[in-house]
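# following is a predicted model, sequence given first.
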Amino acid sequence: MKAIVLISAAVLALSACSGGSPASKSGAASTEAAPAASASLRLYIMDCGHFDVSDLASFDRGHAYDGQAGELVDTCYLFRHPKGDFLWDTGIPDAVHDVEGGVTTGPFHITMPKTLIGQLAEIGLAPADIEYLSISHSHFDHVGNAGAFAASTFIINEPERAYMFRDEARADADTFPAYAALEHAKTITYKDEYDVFGDGSVKIIFAPGHTPGHAFLLANLPKSGPILLSGDLYHMTQAREKKTIPTFNTDADQTLASMAKFEALAAKTGARVVIQHEPADFARLPHAPDYLD
């Protein structure tokens, strides 16, 4: 947890200094097969920051990465659907883009070549145009621009919402302001999973352990087929292979159970797995304003 706190304090401090109708809930057993595809569903993948890490030690409580260096990417995802636009995760604060040379704190050097808001503008969208917003979880690098989308309908599971707005979170003057506006946004809460557009094409699935309400996402694109977005269930390809658990996860047993749930769903659906922080996975995808369909 110390690594996350250090990064969020440095990055969100910079941010502070810089200037639709709800969909229906899904059925309990619907994750056993790939979701339906919407003929006009598109997925835009956005670059929401980069991390050069001099020591990956905090990414495994079993010390598998002690002393190893690595690179991580931060990604955001926009789904365009006839029923509205849906944004999954909001990256690190756009303010980092304006810091020459980026930000260094502890083993992390953080840069942001593009802003989230700028990438949306390339598609012809402003934050007010986004009907739905959800996050895999509330760590700083997934909610850095979340407050800009307070006009959207916020979709969040009950444990993560409680975690975001607990007293300890409110007291964190570095992180809480990034998403505080969501507390009063129009909100849909769910328990096990949520069908964003009500047609089975995009589903958010509860997978606790990284945080109490962490989630991943399953979508089915008309041409590209099913795709699984990991959230922070895994940070790297080797983490998926080794089933390693970061020191800052809230519950190791829940994490392992969520990994098993994710892998069973990947096998059942034949979905393409995208580890959201894995540079190799990001490199293999089209980048906004190009898209997958």
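Perfect, I can see it now.

# from what I see, Arg161 and Ala185 are in contact.
No - with contacts counted by C-beta atoms under 8 Å, Arg161 stays clear of Ala185, the gap being 10.9 Å. (C-beta placed from N, C-alpha, C; glycine too.)

# and the residue nearest to Asp52 when sequence neighbours are not counted, what element?
Beyond its immediate neighbours in the sequence, the residue positioned closest to Asp52 (C-beta to C-beta, 6 or more residues apart in numbering) is His109, lying 4.3 Å away. Taking DSSP states H and E as the definition, one finds His109 inside strand 108-111.

# can you list the strands that that strand pairs with?
Here strand 108-111 has these sheet partners by DSSP bridges: strand 42-53 (antiparallel), strand 103-105 (antiparallel).

# need the mean per-residue confidence for it.
Across strand 108-111, pLDDT averages out at 97.

# with stretch 162-175 instead?
Mean predicted confidence for stretch 162-175 is 94.

# and that stretch, which residues are buried?
Neighbour counts over stretch 162-175 (16 or more other C-beta atoms under 10 Å) mark Tyr163, Met164, Asp174, Thr175 as buried.

# against Pro93, how distant is the last one?
Spelled out, it's Thr175. As judged by C-beta to C-beta, to the nearest Å, Thr175 and Pro93 stand 10 Å apart.

# please enumerate the helices of the stretch 101-250 of the chain.
Remark: helices assigned in the stretch 101-250 of the chain by DSSP state H, counting those that start in this stretch are 116-122, 140-143, 158-164, 167-170, 237-242.

# tell me the most buried of these?
A comparison of these by mean neighbour count, using mean count of other C-beta atoms under 10 Å, puts helix 140-143 on top with a mean of 25.

# export that helix as PDB, just CAs?
The C-alpha trace of helix 140-143 is given here as PDB (Å, rounded to 0.1, in the frame of the first residue of the first chain):
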ATOM      1  CA  PHE A 140      -5.400   6.900  -8.000                       C
ATOM      2  CA  ASP A 141      -4.300   5.700 -11.500                       C
ATOM      3  CA  HIS A 142      -7.800   4.600 -12.300                       C
ATOM      4  CA  VAL A 143      -9.700   7.600 -11.000                       C
END
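
# now for that helix, which elements pack on it?
Under the contact criterion of 3 or more C-beta pairs under 8 Å, 6 or more residues apart in numbering; DSSP states H and E, helix 140-143 touches helix 2-17.

# let's test this: mean pLDDT of the helix it packs on, rounded?
48.

# so what's Tyr190 closest to, chain neighbours aside?
Sequence neighbours aside, Asn157 is the residue nearest to Tyr190 in space, at 5.4 Å (criterion: C-beta to C-beta, 6+ apart).

# quick one: the residue lying closest to Ala271 once chain neighbours are set aside from Thr105, how far?
Nearest residue to Ala271, sequence neighbours excluded (C-beta to C-beta, 6+ apart): Pro226, at 3.7 Å. Separation of Pro226 from Thr105 (C-beta to C-beta): 37 Å.

# of the two, who's got more company?
Pro226 (20 against 15; other C-beta atoms under 10 Å).

# now do the residue nearest to Tyr190: how many residues are near it, please.
26.

# next up, the contacts around it.
By C-beta atoms under 8 Å, 6 or more residues apart in numbering, the residues touching Asn157 are Thr189, Tyr190, Lys191, Tyr194, Ile204, Phe206, Gly213, Ala215.

# make a ChimeraX selection of the buried ones in those.
The buried residues among the contacts of Asn157 can be selected in ChimeraX (16+ other C-beta under 10 Å) with this line:
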select :189,190,194,204,206,213,215
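
# so which of the contacts of Asn157 are in strands?
Among the contacts of Asn157, DSSP state E puts Thr189, Tyr190, Tyr194, Ile204, Phe206, Ala215 in strands.

# follow-up on the earlier one: among the buried residues of stretch 162-175, which one sits closest to His287?
Closest approach to His287 among these (C-beta to C-beta): Thr175, at 27.5 Å.
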